[in-house]
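>>> Make a model of this:
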Amino acid sequence: MHNSTSTHFSAFASLQRFFELSQHAEPTQVQKEEAVLVLCKLYGFNDESELHSSGNAEFIAHFIELTKKITKPQQTTLRSN
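Below is the predicted model of the structure:
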C-alpha cells in the first residue's frame, strides 16, 4: 500500500475529471469501472480485492460510499445560459 505523491495526485485529478464530466453525460460502464480502479489507486491499492482484504474498515466504508456514487446512474441536466 505504498504509492508516490504523484500517483495519488494523478488519481485524484482523474476522479475529479470523471465527476465533472458525469455532470454533463452518463459515463459508460467501462468509464465507471476505470474510475473505481483509480479510486483503489488513490487509496494505495492495486484493485478492489486488495483494498477489501486490507481489513481497514474506514477505507472500506469510504470506498463503498464513493463506489456507489461512481456506479449509480447519473441524472444529467441541461443548463441554460
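>>> Now do the top helix by length along the chain: distance to the chain's middle.
Scanning the chain for the longest helix, with DSSP state H as the assignment, gives helix 5-21. Centroid separation between helix 5-21 and its chain, computed with C-alpha atoms, centre = their mean, to the nearest Å, is 8 Å.
>>> ok, now stretch 52-72?
For stretch 52-72 - counting by C-alpha atoms, centre = their mean - the centre lies 10 Å from the chain centre.
>>> and it, which residues are buried?
Of the residues in stretch 52-72, F59, I60, F63, L66, T67, I70 count as buried by neighbour count, 16 or more other C-beta atoms under 10 Å. Yep, even glycine has a C-beta here, placed from its N, CA and C like the rest.
>>> just the helices in this protein please.
Under DSSP H, the chain gives helices at 5-21, 29-42, 48-52, 57-71.
>>> ok, and what's touching the shortest one?
The reference is to helix 48-52. Helix 48-52 has contacts (C-beta atoms under 8 Å, 6 or more residues apart in numbering) with V36, L37, C40, Y43, F45, F59, I60, F63.
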